[in-house]
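Student: pasted the sequence and its predicted model underneath.
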Amino acid sequence: MIRTLLWLLAGAVLGGIIHIVVILTLPALARETVWTRIEALGATNRMLVLPRAEPGQPNPLGLDPDLAYAVCQVDLSQGPAYMSGMMPDAFWSVAIFNQAGIIIYSTTNRDGIGQTLELGIFNAAQTRLLAQQQLDIAEGLLVVESASDRLFVLVRLAPPHQAMRARFEQALANVQCGTRGTPATPSTEPTVTP
């Protein structure tokens, strides 16, 4: 009887270990991640307005239908990344994600920034150059340091009324985003369905 209980206990422990290992390794084996979905949109060094998520329709990025979204991918190995633009007078937020989809920095207009979005993203080496005053930056630039080079930035706007959505999306498209040395031009192309 004791031998049977030991075998059952050992089987349960081994099953638990196998279960935990499988759960922890599956995300690393996934071919489609948030990073690959964003990369497929072609938002490298430019702000791309995402189409509205319609209720009842596929929503692979998990977007809120009431918000307007724009995304920009940057690679800090090419140089520091900068974002610049005027945002509408409504709630907006900016979040910087690393390649694993983890937020490394986030802020909102309620943090005292107002309507002006001026953001510089630097890796550790670029931050050292910045501290040694070897990089020139504009006064009032919000400086963010990142441990990784490959990032994407998500900007969210909350239009007070859906009639204002088109104007808010145009404001998102006008935001400049890109690394230094790469022209940061606003996206005037039609939006792409994820």
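Tutor: Sure, I can see it.

Student: would you check that L172 makes contact with R156?
Tutor: No. At 9.1 Å, L172 and R156 do not qualify as touching, with contact defined as Cβ atoms under 8 Å. The way it works is simple: take the backbone N, C-alpha and C, and place the C-beta from them, glycine included.

Student: so what sits against both of these two?
Tutor: Contact with both L172 and R156 is made by residues 68-69, according to Cβ atoms under 8 Å, 6 or more residues apart in numbering.

Student: these two: which is more packed in?
Tutor: Higher neighbour count among L172 and R156: L172, with 24 against 18, using other Cβ atoms under 10 Å.

Student: put the alpha carbons of the helix or strand harbouring the more buried one into CSV.
Tutor: Secondary structure assignment for L172, by DSSP states H and E: helix 165-173. In CSV, the C-alpha atoms belonging to helix 165-173 read as follows (Å, rounded to 0.1, in the frame of the first residue of the first chain):
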residue,chain,number,x,y,z
ARG,A,165,-12.2,59.7,-34.1
ALA,A,166,-10.9,60.6,-37.6
ARG,A,167,-9.4,63.8,-36.4
PHE,A,168,-7.7,62.0,-33.5
GLU,A,169,-6.3,59.3,-35.8
GLN,A,170,-4.9,62.1,-38.1
ALA,A,171,-3.2,63.6,-35.0
LEU,A,172,-1.6,60.2,-34.3
ALA,A,173,-0.5,59.9,-37.9
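
Student: mean confidence score for the helix or strand that that helix is followed by?
Tutor: Following the chain from helix 165-173 toward its C-terminal end, the next helix or strand by DSSP H and E is strand 176-179. The predicted model gives strand 176-179 an average pLDDT of 88.
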